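> quick check, what structure comes out for this input:
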Amino acid sequence: MDLRSHGEICSLLVHFDKGTPAIANEIKEALEGNDVSAKVDAMKKAIMLLLNGETLPQLFITIVRYVLPSEDHTVQKLLLLYLEIIDKTDAKGRVLPEMILICQNLRNNLQHPNEYIRGVTLRFLCRLNEVEIMEPLIPSVLENLEHRHPFIRRNAILAVMSIYKLPQGEQLLVDAPEMIEKALSTEQDQSAKRNAFLMLFNCAQDRAISYLLTHVDRVSEWGESLQMVVLDLIRKVCRTNKGEKGRYIKIIISLLNAPSSAVIYECAGTLVSLSSAPTAIRAAANTYCQLLLSQSDNNVKLIVLDRLNELKSSHGEIMVDLIMDVLRALSSPNLDIRRKTLDIVLELITPRNVSEVVQTLKKEVVKTQSGELEKDGEYRQMLIQAIHSCAIKFPEVASTVVHLLMDFLGDSNVASAMDVVVFVREIIESNPKLRVSIITRLLDTFYQIRAARVCSCALWIVGEYCLSLSEVESGIATIKQCLGDLPFYSETEEGESTDSSKKSQQVNTITVSSRRPAILADGTYATQSAASETAFSPPTIVQGTLASGNLRSLLLTGDFFLGAVVACTLTKLVLRLEEVQPSKVEVNKASTEALLIMVSMLQLGQSSFLPHPIDNDSYDRVILCIRLLCNTGDEVRKIWLQSCRESFVKMLSDKQLRETEEIKAKAQISHAQPDDLIDFYHLKSRKGMSQLELEDEVQDDLKRATGEFIKDGDDANKLNRIIQLTGFSDPVYAEAYVTVHHYDIVLDVTVINRTKETLQNLCLELATMGDLKLVDRPQNYTLAPESTKQIKANIKVSSTETGVIFGNIVYETSNVLERSVIVLNDIHIDIMDYISPAVCSDAAFRTMWAEFEWENKVAVNSVIQDEKQFLDHIIKSTNMKCLTAPSALDGDCGFLAANLYAKSAFGEDALVNVSIEKQADGKLSGYIRIRSKTQGIALSLGDKITLKQKGGS
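Reported below is the predicted structural model:
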């Protein structure tokens, strides 16, 4: 909606379709007629035109003559809306003389026998700012304070408040607070009581406090709207006078039992903001948990979970006791609610409650097997990750969950099954006591696994952790069983498949050749078959059915990476068999069977039976295994049987070390100065203080001691945010302090008149580029010689994109008739204000990398010659988190690849892959690739990196 040119505040918004403009003459004819419905339509059209910049001066007299006398309620209501938006003053701010006609009509309406007409007129008066119009109406407004109908009384109170708040209002209504206080004491209607209390709160705060403290025992019986105003008053009073806090907190505690959900939510928020006493925080947390379970609206649940998350950060020790109450929110079918709940719970787990939490999570996992909800698979994956996290922190609970989770190794949801097998891999290493039972269970359930990636990880576990003779023999037997009978195809089938079965060949080709690029851990691309991503489907398999074994079926889809893993696992098992089996005959037998399987896989890969031959990497890997089994040595045996495990153990210890360092870094943040004063708890006077007040006092003292009351930003950082808009030699000097807070940007512009003349109609005109929108219209100011003016401008941001704010300062002087214009420097809104480092798993990173369609590729061009130093510089410049483990970045090989991740304030993901190589001349070359869901963040981040990568500030 367009506001009028002089930037006047408008209290009315109406949608208007500009495609069908009304003509002023048609409106005039309709208003002069006797048809009431035509008048209603004409008034609506006139109001819409006025709201969208038209002036329509010729309509005013017509409306006075033909609309004012109308008795129809709708027409009268529209007349008041029309009067609300027309200009009632001239260019110099004086009330137009024709407004006297309106005054008489308003007075008549205030004495009208119909309650609706009186009520809407009183409400209209709340929006008038012209003292000359209001003054003659005051006696009629005051009469309505004692009207029998509550609708009129409540609007009369609001009208008194708006008159009292006018510039000369205190002279017009000297005894207004006294009158309203008297009305409040006798009023029975809840809405009228709320309005009266609101008037005292805004205009005579002492009277409102006095009334509240006099009726403190009855606050819980008051209406919802009045209780909300009481909470506003308490917040305002406690911020200005902290010493009075104790008695007000008792009022809030009493309101926690109110029947209204809105009131108890506000009570909890007020308690948290005013007090740090454990009793108060516990009461607020209990209230949030109660709302979480009682409210059915998902948005409300998400808001309450946000509040609980904030409490977890500041009062974790109290939230620990409520962990089971929070967990009950998992009963909601919404995935976002479940995800937030699990995130909160995982940070509150202690040795005391872990078994109870894991028990609940196990029950939830079992529930997902019913398959009633379409997103059960995704929810199961979240639960498995949560249980994994619990088991890593507290290994003693692993034994209770690992066998249950292993039932899901054959899950149709590949991501969920992958999480289970990764969990099993970590637990079998960290809990040696569970090794035997896990291996036994894994071999028993191996045939159920349907996804190639899960099979690969499970085979690695079998190869590494089958240690005893029986386990090794069972491992070899299981793999043989899942591969089925050899060979994988016969010569006659090959001939048939090449000559006659063209159709089945085409179908099979479609299945196997649907390939897409995937990103590997080092940032490079690889072609990945769709068959390895999803569980195979029997109709597309040429040879092999479910009965003939999962490994055989997957091999026949052309997945030779899995074939290489099978070969490596068999090699490890045979090498271990040599150590644990005394009979050489049995060892040779197992070795020849393994060699036969490997040769059969190579034969399958090189035949024309499958549309795609075996890839070179897998071929070389299988050949290596064959050579190794034909000619083993101690050095090679050590590499295969020990080094792999040692690398895995190192990876786990690095991960644990990284997590420990992050926890320590969070714990070391201190907000206290060493020379701050401390009040001693035991020396405090306790006279006349309740337990809650005493707790609150102690917590305040602790906050003072630890510097938590005021955490001032870095002064140097504040200075960096000041932007000079004009030059020192310009007649008007201007500079802006930019504050960015999520979706809002506030420009605090200081304007200084450098001349000896008065500047009139000085206006700061701003415009924006990008996803920025100005909230306020510019206002005109008068600036005395060498004086200063602070002007605030609010801007809304709708996406993470580098925006630009530009504009002019326009002013007039008495000497020059034309307006003078000073062009301002552009203000660039930095994308870094919206980006914060975040963490995600490697699997999630790769999934997003494959899905996101916007990519920006920036060539490396830097004076920095050290790869690690360049990466650190990019991380610092982009405010992102490096997901690649430090151990993977160690060493000096002349090449570095790392993944960076960040999230924006709008929930957008920013992915960056840095791949750099050191040239012979010492310079760095390579690319930085940025991917995101939206174009803006990819382009803006790319521009930022291009600007910063040369090693500048």
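> need the contact list for the residue lying closest to N780 once chain neighbours are set aside.
In space, and not counting its chain neighbours, N780 is closest to N761: 4.5 Å by Cβ to Cβ, 6 or more residues apart in numbering. Using the backbone N, CA and C atoms, a C-beta is placed for each residue, glycine as well. Counting by Cβ atoms under 8 Å, 6 or more residues apart in numbering, N761 makes contact with N780, Y781, T782, V810, Y811, E812, R819.
> by neighbours, which of those wins?
Counting by other Cβ atoms under 10 Å, Y811 has the largest number of neighbours within the contacts of N761, with 27 neighbours.
> neighbouring contacts of the helix or strand where that residue lies?
Using DSSP states H and E, Y811 sits in strand 803-812. When contacts are defined by Cβ under 8 Å, 6+ apart, strand 803-812 is touched by residues 725-726, 732, 734, 747, 751, 759-772, 783, 795, 797, 819-824, 826-829.
> generate a ChimeraX selection restricted to the buried subset of those.
The ChimeraX selection below is limited to those of the contacts of strand 803-812 classed as buried (16 or more other Cβ atoms under 10 Å):
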select :725,726,732,734,747,751,759,762,763,764,766,768,770,771,772,783,795,797,822,824,827,829
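> tell me which of the contacts of strand 803-812 fall in strands.
732, 734, 747, 751, 759-769, 772, 783, 795, 797, 820-823, 827-829 (DSSP state E).
> so which other helices or strands are in contact with the helix or strand hosting E646?
Under the assignment given by DSSP H and E, the secondary-structure element containing E646 is helix 644-667. In terms of contacts (3 or more Cβ pairs under 8 Å, 6 or more residues apart in numbering; DSSP states H and E), helix 644-667 is packed against helix 414-430, helix 452-465, helix 886-889.
> if we use 10 Å, what do you get?
Contact here means 3 or more Cβ pairs under 10 Å, 6 or more residues apart in numbering; DSSP states H and E; on that basis helix 644-667 packs against helix 376-393, helix 414-430, helix 452-465, helix 886-889.
> okay if I get those helices as JSON lines plus mean pLDDT?
JSON lines is the format used below for these (pLDDT from 0 to 100):
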{"stretch": "helix 376-393", "mean pLDDT": "82"}
{"stretch": "helix 414-430", "mean pLDDT": "84"}
{"stretch": "helix 452-465", "mean pLDDT": "89"}
{"stretch": "helix 886-889", "mean pLDDT": "75"}
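> need these in TSV with mean neighbour count, can you?
As requested, those are exported to TSV (neighbours: other Cβ atoms under 10 Å):
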stretch	mean neighbour count
helix 376-393	21
helix 414-430	22
helix 452-465	22
helix 886-889	14
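> can you lay out those helices as CSV showing distance to L271?
Rendered in CSV, the data for those read as follows (distance: least, Cβ to Cβ, whole Å):
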stretch, distance to L271
helix 376-393, 30
helix 414-430, 39
helix 452-465, 49
helix 886-889, 43
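> count the residues that sit near G33.
11.
> look at the residue lying closest to it once chain neighbours are set aside and report its pLDDT.
The shortest distance from G33 to any residue that is not its chain neighbour, by Cβ to Cβ, 6+ apart, is 7.2 Å, and that residue is K39. Model confidence at K39, given as pLDDT, is 87.
> now do the strands in the stretch 1-150 of the chain.
Taking DSSP state E, counting those that start in this stretch, the stretch 1-150 of the chain contains no strands at all.
> low-confidence bits of it, can you list those?
1-22 (pLDDT under 70).
> can you give me the helices in the stretch 451-600 of the chain?
Secondary structure of the stretch 451-600 of the chain, counting by DSSP state H, counting those that start in this stretch: helices at 452-465, 469-483, 491-499, 502-513, 530-533, 550-555, 560-580, 584-606.
> wait, the stretch 151-300 of the chain
Counting by DSSP H, counting those that start in this stretch, the segments of the stretch 151-300 of the chain that form helices are 169-172, 176-186, 190-203, 205-214, 224-240, 245-255, 261-274, 278-294, 298-314.
> deepest-packed of those, please.
When you average the neighbours per residue for each of the helices of the stretch 151-300 of the chain (mean count of other Cβ atoms under 10 Å), helix 190-203 leads with a mean of 22.
> off-centre distance for that one?
Average the C-alpha atoms of helix 190-203, do the same for its chain, and the two points are 37 Å apart (Cα atoms, centre = their mean, to the nearest Å).
> and L596, how far from V574?
Spatial separation of L596 from V574 under the definition Cβ to Cβ, to the nearest Å is 12 Å.
> these two: who's more crowded?
Just comparing L596 and V574: by other Cβ under 10 Å the higher neighbour count belongs to V574, 24 against 13.
> now for that one: which residues touch it?
472, 476, 581, 587-588, 590-595, 625, 628-629, 632 (Cβ atoms under 10 Å, 6 or more residues apart in numbering).
> which residues touch the nearest residue to R307 once chain neighbours are set aside?
If the residues on either side of it in the chain are set aside, R307 comes closest to Y288, at 5.4 Å by Cβ to Cβ, 6+ apart. Each residue near Y288 by Cβ under 10 Å, 6+ apart is listed here: 264-265, 268-269, 272, 303-308, 310-311, 319, 322, 325-326.
> same deal with D411?
D411 makes contact with 368-369, 377, 380-381, 384, 405, 417-420, 448-451, 454, 535 under the criterion Cβ under 10 Å, 6+ apart.
> how about L106?
Residues in contact with L106, defined by Cβ under 10 Å, 6+ apart, are 80, 83, 99, 121-122, 124-125, 128, 133-134, 136-137, 140-141.
> let's see that with 8 Å instead.
Shown in contact with L106 (Cβ under 8 Å, 6+ apart): T121, F124, L125, I133, L137.
> not counting its neighbours along the chain, what's nearest the first one?
Pointing back at T121 there. Nearest residue to T121, sequence neighbours excluded (Cβ to Cβ, 6+ apart): N109, at 4.0 Å.
> surely the one you found touches H73?
No. With contact defined as Cβ atoms under 8 Å, N109 does not reach H73; the gap is 11.2 Å.
> need the overlap of contacts for those two.
Taking Cβ under 8 Å, 6+ apart as the contact rule, N109 and H73 both touch I117.
> pLDDT value on the residue nearest to N144 when sequence neighbours are not counted, please?
What sits nearest to N144 in space, not counting adjacent residues and going by Cβ to Cβ, 6+ apart, is A156, at 3.9 Å. Residue-level confidence at A156 comes out at 91, pLDDT.
> now do A156 against L173, distance only.
Taking Cβ to Cβ, one finds A156 at 12 Å from L173.
> the two: which has the busier surroundings?
Set side by side, A156 and L173 show unequal neighbour counts under other Cβ under 10 Å, the larger going to A156 at 28 against 22.
> the more buried one touches L125, doesn't it?
No. Under the criterion of Cβ under 8 Å, A156 lies out of contact with L125, with a separation of 9.2 Å.
> shared neighbours of the two, anything?
Contacts common to A156 and L125, judged by Cβ under 8 Å, 6+ apart, are V141.
> quick check: domain ranges of the chain?
According to the TED database, the chain comprises the domains 466-489+548-632, 716-829, 833-949.
> A391: which of those is closest?
For A391, the closest of the domains of the chain is domain 833-949, at 16.3 Å, according to Cβ to Cβ.
> tell me how far the ends of that closest one are from each other?
Taking Cα to Cα, to the nearest Å, the span from the opening residue of domain 833-949 to its closing residue is 19 Å.
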